[in-house]
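Q: could you look at this predicted model? Sequence included:
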Amino acid sequence: MNISGNPSRKSVAYRTGKKKRKFFFFSETASPDFRSLALLLLVVFALTVIFLKWFFEDRVDGFLPGEPSARTYFALYPMKYVDEEGTYVLRSRVGDTIAGVLVRDGAGMDRLISRIEMMAEGDVVRLSLSPQLTDLIKSHPEEKRKRILQESARLADIYLQSQEGEAPAFTWSPEVLWREIEKLALPMEENNIIYQVLDEVLQPLARVDPDLTRALREDMAASLQAVERSVGPGDVLVEKGQVITDQAARILEMQGYSKVLFPWKQILFALILLPFWPLWLSIQAGGRDSGPDTEETFPWIYLAFIVGMSWVSEYASSLFQAQGMGALFLAGCAYLTLPSRLALQLVLGGGILAGLVATGFSTLQVLLVSFMGIVSAFGGFFLLRDVHSRGHFWKQLFLLGVIQTITGFIIRWAFSLPFSGSLLLSLVLAAALWSSLVIAVLPLLEDSFDVLSPLRLIELSHPSNPLLKKLQIEAAGTYHHSLMLGTLAETVADKLGMNANLLKAGAYFHDIGKLRRPVFFVENQMGGENVHDELKPSLSALVILSHVREGLELAEEYHLPRIIRSFIAEHHGTTCLSYFYRKAKTMGLSIPRDQFCYPGPRPRSRETGLLMLVDSVEAALRAEVRGTLSTPDIKDTIARVVDSKIAEGQLDNIDFTLRDLAVIRETLLSALQTMYHTRKVQEIKEKETLQKNNAKQEDDVQ
Ligand SMILES: [Fe+2]
Ligand SMILES: [Fe+2]
């Protein structure tokens with residue numbers, strides 16, 4: 001198991017150890033599928049925030065397309081838009097100016113030519129006039145009939161030529177025709193007949209082509225550019241009582257106003273998008289979904305909870321026009337309790353999703369909130385990693401809030417959104433509020449989800465901690481051993497890029513169980529009698545082995561975080577007290593070997609594994625105090641202890657690389673050389689005498 005796949009020097013806060021504890025919302029003992037539970041929790045948060053926004057804002061203050069507006073809507077920022085309705089009206093008008101496209105009627109023209117010829121020949125029969133008119137013409141004498149037909153043919157020919165463009169335009173109308181006939185100076189009766197003949201013979205030689213007319217109208221309309229309009233802040237978009245058209249609805253949405261309708265679309269979008277969240281984290285956090293063991297330790301529920309709470313914060317911020325500040329809450333919680341890289345991914349994903357969940361789906365608001373989430377993620381990465389006190393953390397978080405405020409103003413300026421002094425005040429106040437809130441809820445989160453912040457670790461490691469004070473007074477030797485171990489482990493952890501604060505706190509509490517019976521442990525005997533001399537080896541082993549169980553009981557009593565308890569439980573792994581086992585065998589006692597072994601578990605995290613190595617090396621060196629302690633001795637001891645732990649399989653659950661082990665050896669050598677060489681050789685010789693009786697068992701009771 002690896003509890004620090006993305007190690008951060010100051011911020012590892014995963015759970016380890018058995019799952020026993022009840023959590024604020026969920027018991028993580030119930031099911032190992034925390035990822036699904038986390039997703040469910042996130043969906044609940046998303047739906048809650050979407051519903052809250054709709055219920056308290058959009059439902060009361062929204063608009064409905066096709067219905068009269070309940071209020072007057074003003075433009076919030078300048079925008080240009082295509083006036084679709086205006087464009088349609090304009091294009092319709094242009095189309096209406098085209099009455100029709102006339103085309104020549106070729107067949108009609110041929111027919112007219114042949115009839116003119118018939119009239120010129122005086123052939124009234126083939127002329128195919130109406131029967132009444134034919135009879136009327138026939139009733140006239142031959143000469144008169146010919147004149148009527150020839151004059152008709154002449155006038156018809158003039159009309160034909162005018163239609164072919166060979167004569168002046170001859171606009172066909174009864175008045176014009178009659179005027180031409182009167183010029184003939186014939187008797188009225190003949191004029192009447194000529195008029196009737198021409199009226200039947202002369203048909204319009206052009207007709208309106210509907211297809212061409214439609215095509216021309218469309219061409220003309222298309223050649224007109226769409227009507228663009230622009231609005232500025234404060235311009236009326238829709239007046240109260242005015243029916244909201246589809247176009248007005250679109251503009252209102254673009255301006256950030258919401259519809260009164262239940263946001264089904266937004267809910268659907270959230271439901272489609274949210275399942276990608278755990279997938280994203282799994283990939284970005286470095287393949288944590290690769291096995292059940294890693295899955296078990298990944299704090300899914302906690303991650304979902306702080307992301308969900310940041311959406312609630314975002315919604316609360318939006319009530320005071322401080323959009324985008326919800327990400328500050330997430331950044332504060334994440335960077336303080338998670339490895340930096342995981343926190344970066346979490347804030348990045350959570351911030352972008354906040355834009356979709358908590359903004360009512362308004363395009364610019366989505367953009368604004370998502371962008372501020374991104375700034376929060378990267379800003380937090382640099383500002384919130386190395387905090388060393390609550391005051392310092394508050395300042396850094398507030399500074400991040402100020403950076404977000406500036407970013408928010410830049411985005412508003414870039415998109416011509418309105419900004420004012422009151423908005424600046426809202427944003428700064430929100431930054432201060434969320435920074436304070438994170439500080440306030442952090443202990444609650446740590447307790448509920450069993451996560452640890454570096455602040456909590458620093459507080460735990462402080463000498464004023466009641467359990468450490470008790471250790472200092474009642475088991476001074478163990479206290480000293482723990483402090484020394486803390487320094488060593490912290491140094492190595494720093495070199496390996498692990499959480500040094502966690503190692504230090506773990507070292508301080510790892511042997512806390514020795515408080516029950518301090519004198520049974522050699523470091524507390526101060527040169528006095530060794531109580532084990534009078535005890536059966538099995539009883540000695542029982543007392544020594546029990547310091548792990550009793551340590552866990554004390555940790556429970558003093559409410560130590562579970563990750564600290566894992567150091568108590570795992571620092572001996574399943575090693576055995578070989579000195580007492582050998583002593584029992586020498587005494588002829590037949591006791592099973594496993595009665596001399598710790599129950600385990602073997603270290604399950606890099607941190608507890610490292611502590612086991614450092615603890616064992618330190619104890620072995622104490623046991624090997626020889627007056628001539630020199631550098632090669634320390635080096636050999638370190639190598640021997642590390643190799644034996646590996647050979648015993650105590651580190652089988654940990655992914656230490658060969659390079660890691662080399663760094664551990666070198667750093668321990670360097671630190672221990674300094675520690676041991678500052679002592680005078682004579683002092684060591686004196687100690688050798690004092691500890692002669694205890695030395696061999698020391699390795700068993702670190
Ligand atoms: Fe121990
Ligand atoms: Fe120890």
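A: Done, it's in. This is a predicted model, so every value here is computed, not measured. Numbering: from 1, shown residues only. Ligands and ions are numbered 1, 2, ... in the order given.
Q: for the residue nearest to the spatial centre of the chain, what are its contacts?
A: Geometric centre of the chain, nearest residue: residue 349, 2.1 Å, by CA atoms, centre = their mean. Contact analysis of residue 349 by CB atoms under 8 Å, 6 or more residues apart in numbering lists 277, 280, 281, 307. Any C-beta I mention is one placed from the backbone N, CA and C, and that applies to glycine too.
Q: greatest separation within these: which pair is it?
A: Greatest spacing in the contacts of residue 349, by CB to CB: 280 and 307 (11.5 Å).
Q: helix or strand, whichever it is, which one in this protein has the lowest mean pLDDT?
A: helix 292-297 (a mean of 44; mean pLDDT, DSSP states H and E).
Q: and stretch 187-205, what's buried?
A: Judged by neighbour count (16 or more other CB atoms under 10 Å), stretch 187-205 contains these buried residues: 190, 191, 193, 194, 195, 196, 197, 198, 201, 202, 205.
Q: from the rest of the structure, what touches that stretch?
A: 104-105, 108-109, 112, 115, 119, 127, 129-130, 133, 136-137, 140, 144, 147-149, 151-152, 155-156, 159-160, 163, 172, 174, 177-178, 181-182, 184, 186.
Q: next step: those restricted to helices.
A: Among those, the ones falling in helices (DSSP state H) are 108-109, 112, 115, 119, 133, 136-137, 144, 147-149, 151-152, 155-156, 159-160, 163, 174, 177-178, 181-182.
Q: can you tell me which of those residues are up against ligand 2?
A: Here nothing survives when those are matched to ligand 2 using CB under 5 Å from the ion.
Q: go ahead and build a PyMOL selection from the buried members of these.
A: The PyMOL selection below is limited to those of the ones in helices among the contacts of stretch 187-205 classed as buried (16+ other CB under 10 Å):
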select buried, resi 109+112+115+119+133+136+137+144+147+148+149+151+152+155+156+159+160+163+177+181
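Q: tell me which other helices or strands the longest helix seen in the chain touches.
A: Counting by DSSP H, the longest helix found in the chain is helix 421-449. Where contact means 3 or more CB pairs under 8 Å, 6 or more residues apart in numbering; DSSP states H and E, helix 421-449 is packed against helix 300-319, helix 326-337, helix 390-414, helix 454-460.
Q: what comes up buried for the shortest one?
A: In this case it means helix 454-460. Residues 454, 455, 456, 457, 458, 460 are the ones in helix 454-460 that count as buried (16+ other CB under 10 Å).
Q: now stretch 549-558 - C-alpha only, CSV.
A: Presented in CSV, the C-alpha positions along stretch 549-558 are these (Å, rounded to 0.1, in the frame of the first residue of the first chain):
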residue,chain,number,x,y,z
ARG,A,549,-2.1,-2.9,22.0
GLU,A,550,-1.9,-0.5,25.0
GLY,A,551,-0.6,2.2,22.8
LEU,A,552,-3.7,1.9,20.6
GLU,A,553,-5.9,2.0,23.6
LEU,A,554,-4.3,5.2,24.8
ALA,A,555,-4.6,6.6,21.3
GLU,A,556,-8.3,5.9,21.3
GLU,A,557,-8.6,7.5,24.8
TYR,A,558,-6.8,10.6,23.7
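Q: now the closest residue to ligand 2 within the stretch 451-600 of the chain. Nearest residue, chain neighbours left out?
A: Closest approach between the stretch 451-600 of the chain and ligand 2, counting by CB to the ion: residue 511, at 4.3 Å. Nearest residue to residue 511, sequence neighbours excluded (CB to CB, 6 or more residues apart in numbering): residue 478, at 5.2 Å.
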